[in-house]
Structure formats: C-alpha cells, structure tokens
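Asker: This is the structure alone, sequence omitted:
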C-alpha cells in the first residue's frame, strides 16, 4: 500500500502480508537499526520534539532509539525520501506471486511504485484498476473501473461477504 493511515492493518490484513511503501503515520523508524515503534514507545512528544521528518533539524528534546540510540524519524515517506527497502522488496515479491492485483486510487506515475503493476502483469496476474481519471495503465489492465473508490469497495466487500458468509 501507499496509504500511510494504517487502515490496511485495521482491516485485518496480516502484517506479514502488508508492505507499507510510504510508511505508517502511527509509527517511527530508527535510521540506524530500522526498528519500528509507535510515537508513545519512542517517547516522542510532538510539542517538545517538533516534527519527526527526515529533513527536520534535530533538537535536544528528541529521544533516540531505545534499541540502538540511533536517530528516529516518522516512518512516513515524503517526497525525496527513500522508500523503505524491506517494504519495497516485499511489495515486489507480492507483485510477482499475485493471482489478482488490485490497483486502487493511484495515478501510477511515481516510480518505483508505479512499476509494480507491470511486474504483476508479467507474472500473469489479473489486474484490476479502480481509479477516477486516466493513468498510463488504463489500456493495459484486465479491468478498469472508473468510479469512486468508496462505492466500488463497498460493493466488493458486500459480495465477498455473500460468497464467504
């Protein structure tokens, strides 16, 4: 996912099946050992410590990683930040083995994430794109649904519940 709101985890997707390419707004990460932790676990008080961006100036109130004393920052990937390597590798692996590949609400123009649907296609996944507006993949996917995401997902969830009880 490229969403940072953590809703995929709340939905019940097992964490080991999820690659959060753009991070998670509820988590921080250590730049030295890659340990992930909540803001509370890190002892990060935004009013005293300031923003937790990679580009933010470090101040004396900012705690360090409880694991290795390294610098901790928000796990959210901002423009210009590198993607988390482990999550990117996991997303490539998932793309290579997917039978069905849902692309939901993406312009599919920012690489390297925009290259993942092609990886799925090359490995014979059926690709479904749900998006308002055009993307470079509109003619390449198996199904293109140009509707509001909320309405489509609600219908899909309802039908899956009907099938699986």
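Answerer: Happy to help now that I have it. These figures come from a predicted structure and were not determined experimentally.
Asker: Would you map the helices across the chain?
Answerer: Per DSSP state H, the chain carries helices over the ranges 7-10, 39-42, 46-49, 85-97, 116-122, 149-164.
Asker: Point out the most buried one among the ones you listed.
Answerer: Of all these, helix 116-122 carries the top mean neighbour count, a mean of 19, counting by mean count of other C-beta atoms under 10 Å. Glycine gets a C-beta too; all of them are placed from N, C-alpha and C.
Asker: Who are the packing partners of that helix?
Answerer: If you count contacts as 3 or more C-beta pairs under 8 Å, 6 or more residues apart in numbering; DSSP states H and E, helix 116-122 packs onto helix 85-97, strand 100-104, strand 126-130.
Asker: Ok, which of those comes nearest residue 116?
Answerer: Counting by C-beta to C-beta, residue 116 lies closest to helix 85-97 out of the helices and strands packed on helix 116-122; the figure is 4.7 Å.
Asker: Which neighbouring elements make contact with the closest one?
Answerer: Against helix 85-97 (3+ C-beta pairs under 8 Å, 6+ apart) you get helix 116-122.
Asker: who touches the helix it packs on?
Answerer: Outside helix 116-122, the residues that touch it by C-beta atoms under 8 Å, 6 or more residues apart in numbering are 91-92, 95-96, 98, 101, 103, 108, 127, 129, 137, 140-141.
Asker: next one: stretch 74-82
Answerer: Residues from elsewhere that reach stretch 74-82 (C-beta under 8 Å, 6+ apart): 4, 20-25, 27-29, 36, 51-55, 83-84.
Asker: rewinding a little: could you redo the contacts of helix 116-122 as a markdown table and give each row pLDDT and distance to residue 114?
Answerer: Below are the contacts of helix 116-122 laid out as a markdown table (pLDDT from 0 to 100; distance: C-beta to C-beta, whole Å):
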| residue | pLDDT | distance to residue 114 |
| --- | --- | --- |
| 91 | 96 | 12 |
| 92 | 97 | 13 |
| 95 | 97 | 12 |
| 96 | 97 | 16 |
| 98 | 96 | 16 |
| 101 | 96 | 13 |
| 103 | 95 | 10 |
| 108 | 94 | 5 |
| 127 | 97 | 13 |
| 129 | 96 | 12 |
| 137 | 96 | 8 |
| 140 | 96 | 12 |
| 141 | 97 | 13 |
